[in-house]
Every structure is written in structure tokens, then in C-alpha cells.
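Trainee: got a sequence here, can you model it:
(2 chains)
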There are 2 protein chains.
Amino acid sequence: MRFEKVAIIGLGLLGGSIGLAVQEHLPGLATSGFDADPAVRERARELGLCQTIADDPAEAVHDADLVILCVPVGAMGAAAEALAPGLRPDAVISDVGSSKQSIAAALSAVLPDHLVIPAHPVAGTEQSGPDAGFASLFHQRWCIITPPDGAPQDKVDDLAEFWKALGSTVEIMDAEHHDMVLAVTSHIPHLIAYTIVGTASDLEEVTRGEVIKYSAGGFRDFTRIAASDPTMWRDVFLNNKDAVLEMMDRFLTDLAMMREAIKAGDGDLMFDQFSKTRAIRRRIIELGQDDARPDFGRSHDEVGKED
Amino acid sequence: MRFEKVAIIGLGLLGGSIGLAVQEHLPGLATSGFDADPAVRERARELGLCQTIADDPAEAVHDADLVILCVPVGAMGAAAEALAPGLRPDAVISDVGSSKQSIAAALSAVLPDHLVIPAHPVAGTEQSGPDAGFASLFHQRWCIITPPDGAPQDKVDDLAEFWKALGSTVEIMDAEHHDMVLAVTSHIPHLIAYTIVGTASDLEEVTRGEVIKYSAGGFRDFTRIAASDPTMWRDVFLNNKDAVLEMMDRFLTDLAMMREAIKAGDGDLMFDQFSKTRAIRRRIIELGQDDARPDFGRSHDEVGKED
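Mentor: Residues are numbered from 1 along each chain as shown, chains lettered A, B, ... in the order given. Alright, predicted model coming up:
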């Protein structure tokens, strides 16, 4: 590992997991951390998320040759401004945010003389905060790096090595394509989940108690995603507007087609559509991106099951 | 248990699970089964899903005082017709289907002289077929019984006792309300999942390989539901049309509002909507209807996790 010290700015699920993963997989790499919330810093010290937790962002990045911003997309610019005074001139600036074009622009505007190489580990859970982190979060997950034009190859390689050491597979992509891909694999699924959970909780004909009791029919799956951090997700939608709107319109077109099929009683169309989708799940499981056990391997009280 | 012999017609996930659960929890109750597919009957015999597996539906229901149809909603009428010749006059006819008004009508039309008490255990996985069943599927799950007007209370009670013995909590509801509740907790979530998985697999800008690799961003959750049985779900949508269309229109109205908020950059509206949804998940977990562990307790390679 060519980096000597990584500074992690923002110590929630992602930042905390990076701190733990570095200490486990890259013990020679020094870790320092900062979070704008004093209570989070306190908890991060108790949990040992980094070797040192600074009370000032400029102090956290002192001597660091890699700085990773792990704050909501909308807070990137302000976080970069706050740490700028302590920054080494040759430090590589990276992040973990879910919309790459807007973050690249925000960071480069605040740190025009620094090398900014955005990255996005496609990993997470619905939980947030310093207690949510764990060192294996990035194992067997993809990390997408979106280097700007002209970024020095050796620095891109160093960042790729960093993520590989944490257990990830690295893919290089341009930021615009990243934003389109993530709109469909992550942003639209979150928006749909938030929306249907909202729809269900506001109904008059069906009580909230009924929605909860009978959620095992499918609804409960959506509530997990809809339990994700509201600030983080608001910022994603504010910052990946074009791709999200484009993908949403594709989805709405397809949903309108399904609506017509139901209205017209067109069972053949439904059957064809419903039959196409199993192959994708099979590939996701083969690639180790989901649990092969039924129901995600959720705990059942499996008295009668023989496995 | 007042019933002496239960006949299970259709030996997939639900029928097979009932057979196994009865043998475990109600060993005094005789079980016989039938499936229209000879290969499924063969496999059901190997797995011991019921004490006897008949090659003829009329033979399977011989002497049974409880008959449970576990076939797709659209196949209920034909299945009832096929077993009618062997039916005891006092047998209670029930089922496990996900749309209650249409099933009640279909079964009563074919068996006008029999007592039909529809039921719906709200339980399942994305898998189907005789190998998918397990005895604890109904543990800690709700079973909704929708007795017709004038159904004898003692028979309704007997059926409720049957489901309680299998580990379920029983709720009595009228069929119309059931269909509205399940439209929102089960049918619309499945329709949305099938649709977004279809949308994602048909994109030109984003390859199917990319959708699969980066599915851990949220998309993979939808692929589980979208791997459910196409025949079963086609029949649900054909048979609960009105409630599904009504609930879909509520969802579409809310999604249009979110679309406008994204377009207008209205972060406050998004934040408010995204903040409302955590409470529902908390209650679902408190009620034992989902796994409290992050990510549904999916298996991670949790080298660094301390729990």
C-alpha cells in the first residue's frame, strides 16, 4: 500500500466501516477520523473506528496522503472547505458518495489545486451512524472509481489497490455512466420503496396496523430500504436529478403497460413479463451479490426444516 | 382438533408446507394429497409431504372433512370440479389463495351445496414447487379467514383452530376488505418488483451485467420478490383487479409527487417523506414480522464484526 495515512471524514456506516476495515486489512496504514457531530466523535473513540479521532477536520487530515469524505452528498463541499487548511498539497481526495458528477464538481470547486478521484463502494445496509459499521462491509462488493480526465494513472491505481485490500472488486467508469447505472440499481429502488411505504401508511381504507401485520406478503421487504437515512437519500435525489428522472420515466412507462394489462385482463402479457425476471436473480446469486437461501436467509423458526 | 382428515390439493410451497406442518403439529390428523402434475406427486411421495398421495383428486378427498385447495387462484374452479365426485357432503372446503372474493365465488359456483370458508395464510418465500415447503412456514404469521355470511360459527372456529395449531395467528375479515389490504401489502409490492426488474433488464444505456454487479445498491431486494411464481401472480392480478388498480393509482399519485419534488429540487418535501417511513419498519420488527438484523440478516463474510 503506497498510502501512509488515510483520513476519514464522516464516521457513519461507511466511514466507520472503512476505519475498521483498514485497521483489519491494512494495519500499516495509519487512520485518523473526524465527524462534525461531537457525540459521533465520542462514540467513534469508544468503538475504535480509527486510531485517532480529531476534534477538528484540518487536524484530522494533517499528514494524510489519502482523504475520504464519507458525508451526505450535499455536505461534501462544506466538509472539503473545513478540512482544506490542514491538507497536504499532494493528498488524494476521494469519497464514497452515490452520485459522482455532482460530487466531482463540488470537491474540485473547493479544492481546485488537489487531485480529486471520486469513488463509490456499492455496499451498505439500511442502518446508519457510527455503531452501524463493520469491517467486512466491502467484501465481495464492487467499488466504482470515476477518475477525472487526466488523473495520473499511478494515483488511480493506488486508490484501486486500497479498495481491493478492503475486499472489493474495482471497476473504472466515467462519472456520467456511473450516475445512470446507479439511478437504476439503487436510486429508483430507494425512491419506489420510500414512496410505497408512504402510500401504505397514509391509507384510510387500510389501517397502519393491518399494513404491519400482513407485511410478510411482500411489503416488509420495501420497509427495509425505506428505513435508510433520509438526509443521505434526499441529497442523492437532489444531486442525480437527470438520471433519476430519466430512469423513473422508463419505470412509469412499464408500470403503465402493466396497469393496462391488468385492466384488460391480459394474462399472457403478465405471464411473459413475470417469467423474464427470474434469470436476473439467478445471476445475482451466482455472482455472490445476494443470499441464495429463500427469503434472503431470514431467520425462521425452522422446526420442521431438514437442512 | 375436530377435523379427522385433511386433503391438500396442490403440493407446491404452500400445500407441501401444510402437509409437513400438520404431520408435525397435528399428528392425529390424517393427511392426503394430490397434485395435477404426476412429477410433483412423485416428488411429494419421496418427500413425505402427506401420509398418502393419491393419483386422483376425488380419491384424495375421500373421507376428508377438511379440503384445502393450494392451487393458483385461476385454477381453483377446475380443481374443485375435479375433486367434487369424491367429496363428503359435510366436508369444509377452504384454500390458501391471495384474492378472496373471486375464490369464494369460484368455489361456491362449483360446489353450491358445500360449506366454503376461504382462508389466506400470509406467508411464503419466493420459491415454489414441492421442494420449497417447510413445516415452520406459518409460524408467527397471520392467517386471514373470510367466512361467507351465515357460515356456522363452529366450523369457522374449527378452521381457526387448525391454523393456530400450525403456528399462525388467526384474523377474521370480510373478503372485500381482505382484498384491499392484500393489494397494498402484497400485490402492489409484487407488481412493482416485477416491473422494475423488467425495466432494468431492458435498458440500452445500462447493461444487464452492470445491473447485476451493482445490485447491492438496493435493486437485488426487488429481484427476490420478482422471482416468485409467474402463474400464481398472473392469477392474483387477474382476480383482484379492482383493488390492485385502486392501490396502484394511489401509489402513482404519490410517485408523481416525488417526481415533482425531485424536478423542483424540493429537499424539504423529500426529507419529510423519507423520515416518516422508519416507524413502520420498527413496528414490523417489534411484531416479529421481519428480521431485526441489518440487511435482513443476509450472510456477510463478517470477519470484522464483533457480535
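
Trainee: is it true that A:A75 touches A:D235?
Mentor: Yes - contact criterion C-beta atoms under 8 Å: A:A75 and A:D235 qualify, at 7.4 Å. From N, CA and C alone the C-beta is placed, and that goes for glycine too.

Trainee: shaky segments in the stretch 201-307 of chain A?
Mentor: In the predicted model, the stretch 201-307 of chain A carries pLDDT under 70 at residues A:300-307.

Trainee: those helices in it, which residues are they?
Mentor: Along the stretch 201-307 of chain A, the stretches classed as helices by DSSP state H, counting those that start in this stretch are A:208-213, A:219-225, A:230-239, A:241-264, A:267-275, A:278-286.

Trainee: what's the domain layout of chain A?
Mentor: Taking automatic domain parsing as the criterion, chain A consists of the domains A:5-173, A:177-265.

Trainee: make TSV out of the ones you listed and add mean neighbour count and distance to chain B.
Mentor: Shown next, in TSV, are the domains of chain A (neighbours: other C-beta atoms under 10 Å in any protein chain shown; distance: least, C-beta to the nearest C-beta, whole Å):
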stretch	mean neighbour count	distance to chain B
domain A:5-173	21	2
domain A:177-265	22	3
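
Trainee: could you dump those domains into a markdown table and include distance to B:S186?
Mentor: Output for those, formatted as a markdown table (distance: least, C-beta to C-beta, whole Å):
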| stretch | distance to B:S186 |
| --- | --- |
| domain A:5-173 | 21 |
| domain A:177-265 | 3 |
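
Trainee: tell me which of those domains lies nearest to B:D37.
Mentor: domain A:177-265 (25.4 Å; C-beta to C-beta).

Trainee: any idea how far A:P89 lies from A:D113?
Mentor: Distance, A:P89 to A:D113, by C-beta to C-beta, to the nearest Å: 7 Å.

Trainee: touching, A:L47 and A:D131? I think so.
Mentor: Yes - here A:L47 reaches A:D131: they are 7.1 Å apart, a contact under C-beta under 8 Å.

Trainee: and for these two, which residues touch both?
Mentor: Common contacts of A:L47 and A:D131 (C-beta atoms under 8 Å, 6 or more residues apart in numbering or on different chains): A:G16.

Trainee: would a markdown table of the helices of the stretch 201-307 of chain A with distance to A:A151 be doable?
Mentor: Shown next, in a markdown table, are the helices of the stretch 201-307 of chain A (distance: least, C-beta to C-beta, whole Å):
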| stretch | distance to A:A151 |
| --- | --- |
| helix A:208-213 | 49 |
| helix A:219-225 | 33 |
| helix A:230-239 | 21 |
| helix A:241-264 | 22 |
| helix A:267-275 | 42 |
| helix A:278-286 | 31 |
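
Trainee: of all those helices, which one is nearest A:I68?
Mentor: helix A:230-239 (15.7 Å).

Trainee: ok, residues contacting the helix or strand hosting A:I18?
Mentor: Assigned by DSSP states H and E, A:I18 belongs to helix A:13-25. The contact list for helix A:13-25 (C-beta under 8 Å, 6+ apart) reads A:6, A:8-9, A:11, A:29, A:31, A:33, A:35, A:44, A:47-51, A:68, A:70, A:96, A:121, A:123-125, A:127-138, A:165-167, B:303-304.

Trainee: again with stretch A:147-163
Mentor: A:1-3, A:6, A:26, A:66, A:92, A:94, A:104, A:108, A:115-117, A:119, A:121, A:138, A:143, A:145, A:170, A:172, A:175.

Trainee: which stretches in the stretch 101-250 of chain A count as strands?
Mentor: A:115-116, A:119-121, A:142-145, A:169-172 (DSSP state E, counting those that start in this stretch).

Trainee: got a markdown table for those, with mean pLDDT too?
Mentor: Formatted as a markdown table, these follow (pLDDT from 0 to 100):
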| stretch | mean pLDDT |
| --- | --- |
| strand A:115-116 | 98 |
| strand A:119-121 | 98 |
| strand A:142-145 | 98 |
| strand A:169-172 | 98 |
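
Trainee: out of these, nearest to B:K241?
Mentor: Using C-beta to C-beta, the strands of the stretch 101-250 of chain A put strand A:142-145 closest to B:K241, at 40.6 Å.

Trainee: so which elements touch the closest one?
Mentor: strand A:119-121, helix A:153-165, strand A:169-172 (3 or more C-beta pairs under 8 Å, 6 or more residues apart in numbering or on different chains; DSSP states H and E).

Trainee: try it again with 6 Å
Mentor: Strand A:142-145 is packed against strand A:119-121, strand A:169-172, with contacts defined by 3 or more C-beta pairs under 6 Å, 6 or more residues apart in numbering or on different chains; DSSP states H and E.

Trainee: looking at the ones you listed, which is closest to B:T195?
Mentor: When those are ranked by proximity to B:T195 (C-beta to C-beta), strand A:119-121 comes first, at 25.8 Å.

Trainee: strand partners of the closest one, parallel vs antiparallel please.
Mentor: Here strand A:119-121 has these sheet partners by DSSP bridges: strand A:142-145 (antiparallel).

Trainee: who's in contact with the strand it pairs with?
Mentor: A:119-122, A:159, A:163, A:168-173, A:178, B:213-214 (C-beta atoms under 6 Å, 6 or more residues apart in numbering or on different chains).

Trainee: go on, stretch A:29-40?
Mentor: Identification of contacts with stretch A:29-40 by C-beta under 6 Å, 6+ apart yields A:1, A:3, A:5-11, A:19, A:22, A:41, A:44, A:49-54, A:57, A:60, A:130.

Trainee: returning to that earlier point: so after the helix holding A:I18, what's the next helix or strand?
Mentor: strand A:30-34.

Trainee: make CSV from the strands of the stretch 101-250 of chain A and add distance to A:T231 to it.
Mentor: Formatted as CSV, the strands of the stretch 101-250 of chain A follow (distance: least, C-beta to C-beta, whole Å):
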stretch, distance to A:T231
strand A:115-116, 23
strand A:119-121, 18
strand A:142-145, 22
strand A:169-172, 27
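
Trainee: for B:A193, find the nearest of the domains of chain A.
Mentor: domain A:177-265 (7.5 Å).

Trainee: endpoints of that closest one, how far apart?
Mentor: Length of domain A:177-265, first residue to last, C-alpha to C-alpha, to the nearest Å: 38 Å.

Trainee: chain center to that domain: distance?
Mentor: 17 Å (C-alpha atoms, centre = their mean, to the nearest Å).

Trainee: picking that back up, out of the strands of the stretch 101-250 of chain A, nearest to A:S228?
Mentor: Closest to A:S228 of the strands of the stretch 101-250 of chain A is strand A:119-121 (C-beta to C-beta; 15.5 Å).

Trainee: can you tell me what sits against the closest one?
Mentor: A:S94, A:V96, A:F138, A:C143, A:I144, A:I145.

Trainee: and which of those residues is nearest B:R298?
Mentor: After measuring the contacts of strand A:119-121 against B:R298 - C-beta to C-beta - the closest member comes out as A:F138, at 14.7 Å.

Trainee: great, nothing more from me.
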